[in-house]
Every structure is written in structure tokens, then in C-alpha cells.
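Q: show me how the following folds:
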Amino acid sequence: MRPYAKRIALFLVFALLTAGICGCSSHTYVQTEPSLILGAGDLSEYIGKEGVVIVDTRSADEYAAGHVEGAVNIPTEDIVINVPVKNMLTSQKKIEKVMGSNGISNNTTVIAYDANKMGASRLLWTLFMYGHRDVKVVDGGFNAISAANLASSTETPVPTEAVFTAQEPASNWLATQEEVLAQVNTPDENRILLDVRSMEEYYEAGKVPTSIMMDYNTNFFSSDQTFKTVDITRINYLEEGIYPEKEVIIYCQTSLRAAPVFVQLYEAGYRNIRLYDGAYLEWSSNSSNPIEMPSGAAAPAAKDAS
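A: Presented below is the predicted three-dimensional model:
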């Protein structure tokens, strides 16, 4: 089970607030079953299990220094391309090649972990984009795995080649620059642009106009960097007016921090959620796109889009 016990106190702190919010308005959440988030203590049940591939999304050097026994290494750089800007969704053919060469077929359960709170979630979103939904991320990443005293190995497995057939990219999980611009020009009250960068980034470089600022770290407990509970997550987003009935377009600087927010919102029962993959890097590289600066702040200097 995920380590909920240590979070009960925090949940109780928010209980009254929850009641107040629910009393004001009723919202419908989709039950996420099975969970996308796997507690590190439960990972042992999947090690060596037939039909399961554990994926270490850290760098090759980190992987070589020690990883979960039997885990394959798929660094984030293997599932992104850097055109037109950094960290964009890679092609169907590349995903098919990467997944297949690592023993992942369309019938495989994928368990991913990272050390930066982003890599595993980015892999999950990428697999969602290409039609594979049997995937989970390990809560707390490699640090939580180490704390759970799971055996570490430096041996590199040789997976049996598999066939992975990627579907056409799913438009319901992806937003384009044109769609974001359309929301800026003609705001739809049922659509929200969610900027998950830091406030420091906003003050330095601005944001997409009308965006709600909500640092992606809001989704994690500061003590161990595990995801917050579903109840606390719902409260946090309801307080910002981000309701499950609305469409939420998430972006950060290069689309990596947006991925764990996608995972957490999905886990909390949101389904009308999309990731703006070009992110603020693409937006701010286009001089014709409007930028909203904090009151009194100077507009950022023009940047080379290369």
C-alpha cells in the first residue's frame, strides 16, 4: 500500500475545508482504478513477474551505478525530440523501436521510476499518447525504492525483443500552440490554462495570458517528494477554481514538469486534461504570441528560438 499513515494528520487538517468546498458545489470525479501511482513498498510484487517490465528513466550513468533488479533503462532523452523546441513528443516509429527493444509489447505492464519527479510521469504520458494505458509510476522514485530496502543491481538485463504497435497520437491528451492561442484570444470559461512553473519564472519571463500559476511542486509532499493524496489534491485544485468538469491545458517550460501534474490530476479523477507539449519555450520563442508580465515588470528580451 502507499504510505498513507503518515499523511492522515495532513488530511485531517484539510477535512473541514473539504466539507466547506463540497457544501458550496458538487463536482464529479472519475474513479481511477487501478491507480497510476504505485507505492515503493509494493514494487517488490512486480520484480521478476511475467508480463511486467520495470523501467528506470534516469540517465545511463545513474542506471549503471545501481538500479532495481531486472529494470531496463529508458532515459527521457530516448522518448523525446528537440524540434521544433526541446522535449517534444517523439514519433510513433521511435516509440515502437524503443519499447520493442526493451521487451515491452502492447500487453506489457510498465512500471516506471525516476529520481527527478518527472521522468516516469513523462513516460506514462507518452505511452498514453500512443494508446498504452497499462503503466504506473513509482511514488517517490528511486529514493523511495532505496528507502524500502529493495535489492539494487548493476547487471544490465538483455530483454527479449517484443513488438509494440503505437496508435496514432491521442489528441485528447495533447494541446497545440494554436489551441492555446485560441484560448487567449477568445477565452472559454470552461477551459483553463495551467502554468506549473515557479513564480520566479513567471516574474522573470512572464506567462501565457489568462494562465493560472500553480507550481508543480504543489503536488508533492516536501518531506519525501511523494504525491499528495487524492483528497488533498482535489482541495488544492478546487481552491484555484480548477474543477474536473473543465478542460485543463497544462504547460511548464519544456513540458517535463507538466507530466507529473497530468498524472496527479488523472489520479484525482480529472479526465479532460491535456498537456501543451511545446510549452512556454515554444510560446515565448514566437514573437507574435502575447506574454503577460506581473504588474510593473518589464517584458523579457527577445530570445533566439533555436
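Q: distance of the residue nearest to Tyr202 when sequence neighbours are not counted from Val138?
A: Nearest residue to Tyr202, sequence neighbours excluded (C-beta to C-beta, 6 or more residues apart in numbering): Met213, at 5.7 Å. All C-beta spots, glycine's among them, are computed from the backbone N, C-alpha and C. To Val138, Met213 is 28 Å away according to C-beta to C-beta, to the nearest Å.
Q: more neighbours: which of the two?
A: More crowded of Met213 and Val138, by other C-beta atoms under 10 Å: Val138, with 26 against 15.
Q: beta partners of the more buried one?
A: Note on Val138: beta-bridge partners Leu38, judged by DSSP bridges.
Q: that one contacts Leu36, doesn't it?
A: No: at 10.8 Å, Val138 does not count as touching Leu36 under the criterion of C-beta atoms under 8 Å.
Q: ok, back up a step: just checking, the residue nearest to Tyr202 touches Ile192?
A: No: counting by C-beta under 8 Å, Ile192 is not a contact partner of Met213; they are 11.7 Å apart.
Q: can you get me a residue count around the spatially closest residue to Met99 that is not a sequence neighbour?
A: Computed as C-beta to C-beta, 6+ apart, the closest residue to Met99 that is not its neighbour in sequence is Phe164, at 3.7 Å. Using other C-beta under 10 Å, Phe164 has 22 neighbouring residues.
Q: same thing with Tyr266?
A: With neighbours defined by other C-beta under 10 Å, the count for Tyr266 comes to 20.
Q: list the contacts of it.
A: The contact partners of Tyr266, taken as C-beta atoms under 8 Å, 6 or more residues apart in numbering, are Thr32, Leu36, Ile273.
Q: ok, now which ones touch the second one?
A: Read that as Leu36. Contacts for Leu36 (C-beta under 8 Å, 6+ apart) come out as Leu124, Val135, Lys136, Val137, Val263, Tyr266, Glu267.
Q: just those residues: which are in helices?
A: Members of those lying in helices (criterion: DSSP state H): Leu124, Val263, Tyr266, Glu267.
Q: list the contacts for the last one?
A: If I follow you right, that is Glu267. Contacts of Glu267 (C-beta under 8 Å, 6+ apart): Thr32, Ser35, Leu36, Ile37, Phe227, Val230, Thr233.
Q: with adjacent residues omitted, what lies nearest to the second one?
A: Leaving aside its sequence neighbours, Ser35 sits nearest to Glu267 (C-beta to C-beta, 6+ apart; 6.5 Å).
Q: and the pLDDT at that neighbour?
A: Looking at Glu267, its pLDDT is 98.
Q: doesn't Ser121 make contact with Phe262?
A: Yes: shown here, Phe262 and Ser121 form a contact pair, counting by C-beta under 8 Å, at 6.8 Å.
Q: so the two - more neighbours on which side?
A: Of the pair Phe262 and Ser121, Ser121 is the one with more neighbours under other C-beta under 10 Å, namely 29 against 24.
Q: quick one: that one from Leu256, how far?
A: Distance, Ser121 to Leu256, using C-beta to C-beta: 8 Å.
Q: with Ile192 instead?
A: Distance from Ile192 to Leu256, counting by C-beta to C-beta: 20 Å.
Q: Tyr270 too?
A: 20 Å.
Q: what helix or strand is the residue nearest to Gln253 when sequence neighbours are not counted located in?
A: Excluding its sequence neighbours, the residue lying closest to Gln253 (C-beta to C-beta, 6+ apart) is Tyr280, at 5.1 Å. Element membership of Tyr280 [criterion: DSSP states H and E] is helix 279-285.
Q: helices and strands around that helix, which ones?
A: Here helix 279-285 touches helix 177-185, helix 199-205, strand 247-251, going by 3 or more C-beta pairs under 8 Å, 6 or more residues apart in numbering; DSSP states H and E.
Q: again, 10 Å this time
A: Judged by 3 or more C-beta pairs under 10 Å, 6 or more residues apart in numbering; DSSP states H and E, the packing partners of helix 279-285 are strand 88-89, helix 177-185, helix 199-205, strand 247-251.
Q: only alpha carbons, please: show the longest one as PDB.
A: C-alpha atoms of helix 177-185 as PDB (Å, rounded to 0.1, in the frame of the first residue of the first chain):
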ATOM      1  CA  GLN A 177       0.200  26.200 -29.700                       C
ATOM      2  CA  GLU A 178      -2.800  27.200 -32.000                       C
ATOM      3  CA  GLU A 179      -5.300  25.900 -29.400                       C
ATOM      4  CA  VAL A 180      -3.600  27.800 -26.600                       C
ATOM      5  CA  LEU A 181      -3.600  31.000 -28.700                       C
ATOM      6  CA  ALA A 182      -7.300  30.500 -29.500                       C
ATOM      7  CA  GLN A 183      -8.000  30.300 -25.700                       C
ATOM      8  CA  VAL A 184      -6.000  33.500 -25.200                       C
ATOM      9  CA  ASN A 185      -7.800  35.400 -28.000                       C
END
